[in-house]
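Participant: when you get a sec, could you give me coordinates for this:
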Amino acid sequence: MLALAVMAVALAVPVEQYDADQPLAKAEYEGRSLRELTLMRNVTYARAHNPFRRKWLNAWFSKQRWYAPAEAMDESLISQTARANADALGAYEAGLSAAELVARRDAVRARVKDGKGTAEDAIELRLLSVRLGGWAGEGAAPSDLNALEEPSKLDKLLKLSDLDDFSPRDLKLLRNAVFARRGRPFKTPLVQGHFKTVTWYRADPAYKDSRLTDIDKKNVQLILSLEKRLRPPKDEEAPDAFYTAA
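Facilitator: This next block holds a predicted model:
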């Protein structure tokens with residue numbers, strides 16, 4: 001099944017040629033790497049001049065001649081088609097099963113072990129680490145794993161500098177991770193999809209916020225303060241909208 005999806009992707013356009021304002025068929029993204037899915041989803045926001053906090057995303061988009069970051073994203077430039085495409089890409093990514101993510105991880109590991117690993121593979125392992133809830137590569141983990149890639153870092157107080165590479169979307173996922181580590185069940189489909197592949201997560205119907213430690217509460221406050229500074233909350237926003245945002 002995965003092989004068929006990969007064959008379909010081989011016929012799809014390169015990410016550099018993706019036009020977010022054209023309707024996107026499932027065959028054009030099914031089987032793509034997490035890195036490609038992330039890039040395609042964020043083309044929508046790059047076209048609206050979004051400034052990217054994630055270093056690898058900023059580096060990739062900065063090489064595109066059409067990209068012109070501004071101080072803040074202009075959401076009026078996002079068409080209904082582009083937003084629908086971003087939503088479809090986010091939903092597809094959230095729907096990937098743990099088994100498929102492990103298969104993808106093992107394929108990247110095999111390439112790296114054979115000496116055929118690429119810079120793109122290095123990014124892919126970091127993205128897989130987020131989805132699986134721990135270092136996805138073999139051997140010692142990089143020292144710069146963030147708290148989404150290595151949630152045990154949430155055992156200690158976070159510093160603002162620890163969040164330098166986090167997008168608003170990442171920050172909300174990280175804030176949810178604090179609660180997830182204590183067993184909080186999630187109601188919205190995309191957040192459920194994200195945490196269902198995290199190997200350490202176990203939802204507990206009896207969860208209560210009283211399980212949060214003082215460190216948990218302070219980390220939540222820090223993350224939330226940065227979220228509000230970067231992107232003020234919108235009362236009308238759908239609960240899962242952040243997941244497919246930049």
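
Participant: what's the domain layout of this protein?
Facilitator: 2-94, 151-244 (automatic domain parsing).

Participant: and residue 74, how many neighbours?
Facilitator: 12 (other CB atoms under 10 Å). For the C-beta atoms, the positions are set from N, CA and C on the backbone; glycine is no exception.

Participant: same question for residue 212.
Facilitator: 17.

Participant: residue contacts, the nearest residue to residue 127 once chain neighbours are set aside?
Facilitator: Leaving aside its chain neighbours, residue 127 sits nearest to residue 34 (4.0 Å; criterion: CB to CB, 6 or more residues apart in numbering). By CB atoms under 8 Å, 6 or more residues apart in numbering, the residues touching residue 34 are 93, 104, 124, 127, 128, 131.

Participant: and residue 158, how far from residue 32?
Facilitator: Separation of residue 158 from residue 32 (CB to CB, to the nearest Å) stands at 32 Å.

Participant: pretty sure residue 185 sits against residue 202.
Facilitator: No: Residue 185 lies out of contact with residue 202 (CB atoms under 8 Å); the separation is 9.9 Å.

Participant: in this structure, where is pLDDT below threshold?
Facilitator: Residue ranges of the chain with pLDDT under 70: 1-11, 233-237.

Participant: give me that answer again for 50
Facilitator: Low-confidence segments of the chain (pLDDT under 50): 4-10.

Participant: element containing the residue nearest in space to the middle of it?
Facilitator: For the chain, the residue nearest the mean C-alpha position is residue 170 (6.4 Å; CA atoms, centre = their mean). Under the criterion of DSSP states H and E, residue 170 resides in helix 168-180.
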